[in-house]
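Quick one, what's the 3D model for this:
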Amino acid sequence: MVTLEIKNNIAWVTLNRPEKQNALHLAMFHELDKIIKTLRKNTQIRAVIVSGAGEHFCSGLDVKSIVKKPLAIFQLLFKWLPGNPNLVQRVTLAWKTLPVPVIAVINGHCFGAGLHIAIGADYRIATADAKLAIMESKWGLCPDMGTGVLLPALIPQDKLWLLTSQGTPINADTAKEYGLISDVHTDTKHAVQSLLDTLLTRSPDALAAIKRVNNRAYSANRRQVLWQETWCQIRLLLNKNTRVAMHNALAEQAKPYADRSKW
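Below you'll find the model as predicted:
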């Protein structure tokens, strides 16, 4: 469901489940994790392009497929140490460990887990009709895919609050205004090629060094943030108000929330 093709030393990673708007199930997380590890070992590649097959980049997590497998949530969230990245955090943050430029090409829906993965890229180029949203709040959850480490370097705190608390899709122009994407183009293929034409004239070692320095310059206290993401998500998964939120996200008639727990 995730394909890797290397052409002329450019790696093309494609979320390939267009009939489901490239919604992510457990196997796709494992496939992405494996592909990133494979690319990290390849010293010949010069850039990575991440895209979605069909009309959409990714509609987010395939909630129904995850719910059907009780152990799936455990596999997604498990980590050996609190500050280590788990599977869902790796498929976002691990793009930053690749010593080459990573470009996400966003079209159509880019929601939830899909947007988190795109945020892990170094450049985000979107079509004018793209819609972007961080969706966890709709389900009574909090973002937990590692973007708590990355987003503060991209957007102001008030915009971060709006995106993470409301879960409302924004258009590509608004996303660019926020700093969430790099540019908007009607012809993303041309835009990507133009970017590659410049990047490929630079020393691959210089680009690797620049990326390492830039990542360090913008890094927060990563281990603490990753632990807070996972710990809060576990608490929410066990919280009665989360069950109410999930019901309200699907039902026509909303149930009232209970009083807030002590945080």
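
going forward, measure contacts between C-alpha atoms and count neighbours the same way
Fine.

shaky segments in the stretch 151-263 of the chain?
For the stretch 151-263 of the chain, applying pLDDT under 70 flags the ranges 220.

80 - rerun?
Flagging of the stretch 151-263 of the chain using pLDDT under 80 yields the residue ranges 219-221.

Okay, strands next: where are they in it?
All strands of the stretch 151-263 of the chain, identified by DSSP state E, counting those that start in this stretch, fall at 170-171, 183-184.

what do you get for the stretch 1-150 of the chain?
Going by DSSP E, counting those that start in this stretch, the stretch 1-150 of the chain shows strands at 2-7, 10-15, 47-52, 102-106, 109-111, 123-126, 131-133.

Tell me which of the strands of the stretch 151-263 of the chain sits most buried.
Highest mean neighbour count among the strands of the stretch 151-263 of the chain (mean count of other C-alpha atoms under 10 Å): strand 183-184, with a mean of 20.

Report the strands that pair with that strand, each with its relative direction.
Here strand 183-184 has these sheet partners by DSSP bridges: strand 123-126 (parallel).

quick one on the thing from earlier: can you redo the strands of the stretch 1-150 of the chain as JSON lines, where the extra columns are mean pLDDT and distance to residue 249?
As requested, those are exported to JSON lines (pLDDT from 0 to 100; distance: least, C-alpha to C-alpha, whole Å):
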{"stretch": "strand 2-7", "mean pLDDT": "98", "distance to residue 249": "28"}
{"stretch": "strand 10-15", "mean pLDDT": "98", "distance to residue 249": "26"}
{"stretch": "strand 47-52", "mean pLDDT": "98", "distance to residue 249": "25"}
{"stretch": "strand 102-106", "mean pLDDT": "98", "distance to residue 249": "25"}
{"stretch": "strand 109-111", "mean pLDDT": "98", "distance to residue 249": "15"}
{"stretch": "strand 123-126", "mean pLDDT": "98", "distance to residue 249": "28"}
{"stretch": "strand 131-133", "mean pLDDT": "98", "distance to residue 249": "15"}
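
tell me which residues in stretch 68-80 are buried?
By neighbour count on 16 or more other C-alpha atoms under 10 Å, the buried set for stretch 68-80 is 72, 76-78.

These into CSV, with extra columns for pLDDT and distance to residue 132?
Rendered in CSV, the data for those read as follows (pLDDT from 0 to 100; distance: C-alpha to C-alpha, whole Å):
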residue, pLDDT, distance to residue 132
72, 86, 25
76, 90, 23
77, 89, 24
78, 90, 27
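
now the strands of the stretch 151-263 of the chain in TSV, with distance to residue 164?
Formatted as TSV, those follow (distance: least, C-alpha to C-alpha, whole Å):
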stretch	distance to residue 164
strand 170-171	12
strand 183-184	21
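
So which of the ones you listed is nearest residue 48?
Shortest distance between residue 48 and these, using C-alpha to C-alpha, is found for strand 183-184: 17.3 Å.

Show the pLDDT at residue 67.
Each residue has a pLDDT score; the one for residue 67 is 75.

Next: residue 149.
If you check residue 149, the pLDDT there is 92.

Look up how far residue 86 lies from residue 157.
For residue 157, the distance to residue 86 equals 25 Å [C-alpha to C-alpha, to the nearest Å].

Please apply the same query to residue 35.
Relative to residue 86, and taking C-alpha to C-alpha, residue 35 is found at 16 Å.

ok, back up a step: more neighbours, residue 157 and residue 86?
residue 86 (23 against 12; other C-alpha atoms under 10 Å).

Surely the more buried one and residue 74 touch.
No. Using C-alpha atoms under 8 Å, residue 86 is not in contact with residue 74; the gap is 10.0 Å.

Where do the helices of the stretch 1-150 of the chain begin and end?
In the stretch 1-150 of the chain, the helices defined using DSSP state H, counting those that start in this stretch lie at 26-41, 63-67, 70-77, 87-93, 113-119, 147-150.
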